[in-house]
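Engineer: Test case, fold it:
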Amino acid sequence: MIDVTCAIIRNDEDEVLVVQRGDKSDHPLKWEFPGGKLNADETEEECIIREIREELSMDIVICRRLRHTEFDYGIKQIRLIPFVCDTLDELPVLNEHVAFRWVEAGELKKIDFSEADIIVADNYLRDTEPAEGSVPEEASENPVVAEADLRAMVGSMTGVKEAEWVAMSASGNKAILKKLQEYSFSADRKLAFRASWTLSKVFDKYPDLLNQSLAGMIEALDSVYNESVRRSFLRIVSLSDIDKLSRKHQGILADCCFRYLRSADSAIAIKAYSMDIIYKLAVIYPELANELSSAISMLDDDAPSGVTARGRIILKKLAGLAKGH
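Structural biologist: I've put the predicted structure just below:
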């Protein structure tokens, strides 16, 4: 039995990446979730991160592991170990495959997958479907949700539809919004991540609801030990009207984001959102432009492709900003 890992990679639109094998492969021109064989000296998590970098030159964040699938192809038996992952890299570099597509989850059933990947796709779809009755078709204007039910729903949330329903509920119930913010600081890492992620969905639909919460998120950036929460907070701030913040909070943002950008330990999304935020600050305070250009230029040659691509975009904007002045 050969152990093989694969990645169900999602982008910010909640689309899933699928890749096509070449015509001379074991499964010619079939589509699959990218991944590869587990080496004897690595963990499953290390394997999938390595394989995705080698095959697609992409950086991923592992969200969770799905149950494995065993399949006998006749010429080989494999144990396929899937991981659900997120990425900011929209354009993979195809080092082994001949094509790629970003597809909505509902389209996965139409993809001409290899047999084991069909099972993985079905398991993923079942895993992300809301439990029957857990998400009403329509939310009332002022829904009443017991805290135990809300906590359980947020803690087990796996799909965008569930998050959007909670976001809609929060728009009519300030208690739900308050609880989402409270859960974002929970010691339960899974609950904190999903609560902060749901807050970002609240912002997408009802940005004004979080205006009064921005200052608290900014002040908490360095104190949250959960990097997934920091990512959600930075995403919300990066999409906000930063010019409406106080000078104090703009200063805290500048300090935090420059440190995250320069840190070798910061995740790809943290660096990307930090660049966006500092650029917005540079529009307000032009003296930050040179410091941001320098920080981007000093990024390591081995920096993730998503970070370097975002850096190039920001540098072009900064050049236009300089011409405008």
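Engineer: Quick check: the gap between A152 and R50.
Structural biologist: As for A152, its distance to R50 is 36 Å (criterion: Cβ to Cβ, to the nearest Å). C-beta coordinates here come from the backbone N, C-alpha and C atoms, glycine included.
Engineer: which element is P82 on?
Structural biologist: Using DSSP states H and E, P82 maps to strand 77-86.
Engineer: let me fix that: I8
Structural biologist: Taking DSSP H and E as the definition, one finds I8 inside strand 2-10.
Engineer: heading toward the C-terminus, what's the first helix or strand past that strand?
Structural biologist: strand 16-20.
Engineer: Packing partners of that next one?
Structural biologist: Helices and strands touching strand 16-20, by 3 or more Cβ pairs under 8 Å, 6 or more residues apart in numbering; DSSP states H and E, are strand 2-10, strand 31-32, strand 99-103.
Engineer: Go again with 10 Å.
Structural biologist: If contacts are counted by 3 or more Cβ pairs under 10 Å, 6 or more residues apart in numbering; DSSP states H and E, strand 16-20 sits against strand 2-10, strand 31-32, helix 44-56, strand 99-103, helix 115-128.
Engineer: which stretch among the ones you listed comes nearest S196?
Structural biologist: When the helices and strands packed on strand 16-20 are compared by Cβ to Cβ, strand 2-10 sits nearest S196, at 16.6 Å.
Engineer: Just the CA trace of that closest one, in CSV.
Structural biologist: Below are the C-alpha coordinates for strand 2-10, written out as CSV (Å, rounded to 0.1, in the frame of the first residue of the first chain):
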residue,chain,number,x,y,z
ILE,A,2,1.5,3.3,-1.1
ASP,A,3,0.7,6.4,1.1
VAL,A,4,-0.1,9.4,-1.0
THR,A,5,-1.2,12.9,0.2
CYS,A,6,-3.4,15.2,-1.8
ALA,A,7,-4.5,18.8,-1.3
ILE,A,8,-8.0,20.2,-1.7
ILE,A,9,-6.8,23.8,-2.2
ARG,A,10,-9.3,26.7,-1.8
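Engineer: how about low-confidence regions in this protein?
Structural biologist: In the predicted model, the chain carries pLDDT under 70 at residues 129-146, 156-161, 300-306, 322-325.
Engineer: all helices of it, in order?
Structural biologist: Secondary structure of the chain by DSSP state H: the helices cover 44-56, 115-128, 147-155, 160-171, 174-183, 189-205, 214-220, 227-238, 247-262, 268-284, 288-297, 305-324.
Engineer: okay if I get these as TSV plus distance to E96 and mean neighbour count?
Structural biologist: Shown next, in TSV, are the helices of the chain (distance: least, Cβ to Cβ, whole Å; neighbours: other Cβ atoms under 10 Å):
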stretch	distance to E96	mean neighbour count
helix 44-56	5	19
helix 115-128	15	18
helix 147-155	37	16
helix 160-171	30	22
helix 174-183	41	18
helix 189-205	31	21
helix 214-220	41	17
helix 227-238	29	23
helix 247-262	32	18
helix 268-284	22	23
helix 288-297	30	17
helix 305-324	16	16
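Engineer: and V98, which of these is closest to it?
Structural biologist: Nearest of those to V98, taken as Cβ to Cβ: helix 44-56 at 12.1 Å.
Engineer: mind checking how far that closest one is from the chain centre?
Structural biologist: Distance of helix 44-56 from the chain centroid (Cα atoms, centre = their mean, to the nearest Å) equals 17 Å.
Engineer: and if you look at stretch 62-73?
Structural biologist: Centroid separation for stretch 62-73 versus its chain: 20 Å, with Cα atoms, centre = their mean.
Engineer: what comes up buried for that stretch?
Structural biologist: C63, L66, H68, T69, F71 (16 or more other Cβ atoms under 10 Å).
Engineer: For the second one, give me its contacts.
Structural biologist: This means L66. Neighbour list for L66: C6, I8, L80, I81, P82, F83, V84, V120, N123, Y124, R126, D127 [criterion: Cβ atoms under 10 Å, 6 or more residues apart in numbering].
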